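A.B. asks: Got a sequence here, can you build the structure:
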Amino acid sequence: MTFTLIGQYIVLSVIGFTLFGIGLGFFATPSTDAALSNVPDDEAGAAAGIYKMASSLGNAIGVAVSAALYVAAQAMDPATIRSWGLFIGNQENVGLRFGGAVGILFNLLMVVVAIIAIMVTVPDERPVKRPEVPATPSIGS
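C.D. replies: Numbers count the residues shown, from 1 in each chain. All right, here's what the predicted structure looks like:
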């Protein structure tokens, strides 16, 4: 979106945030359900806490890396960026726009890596549940 003009940027931002909200709504509950589906009931609280902590930690690291790439890319020489001819419109803020593009492209790369990881690690079929067998009573109690 850093390649667009202000009017286009506003429209794309509204569409992007709308899709983000819808996607998060469709992702959050099934993701938690899938992560906790094979956890015994007595360990569900601890498992949910670990899942949420890992999710929050991943979000924090992702934001930190994206911000670091943004800052590093915007420090590039503006004349070099202009010579590539990537940006139209105002050229005074080309460093900021390039930094934003690098940050967004990194996020896109992470989405592709996540999709590949899901395709590789998530099994196609659910494991067959074994019937629950009552525990044998302990001797002497």
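
A.B. asks: what about stretch 68-88, start to end distance?
C.D. replies: In stretch 68-88, first residue to last residue: 25 Å (Cα to Cα, to the nearest Å).

A.B. asks: Any chance you could list what contacts that stretch?
C.D. replies: Stretch 68-88 has contacts (Cβ atoms under 8 Å, 6 or more residues apart in numbering) with 2-3, 5, 91, 94-103, 106. Where you see a C-beta, it was placed from the backbone N, CA and C, and this is true even at glycine.

A.B. asks: Now residue 39: closest residue in space, sequence neighbours ignored.
C.D. replies: Closest residue to residue 39 apart from its sequence neighbours, by Cβ to Cβ, 6 or more residues apart in numbering: residue 47 at 4.3 Å.

A.B. asks: Quick one: residues contacting that neighbour.
C.D. replies: 35, 36, 39.

A.B. asks: Tell me, how many residues neighbour the last one?
C.D. replies: What that stands for is residue 39. When counting by other Cβ atoms under 10 Å, one arrives at 15 neighbours for residue 39.
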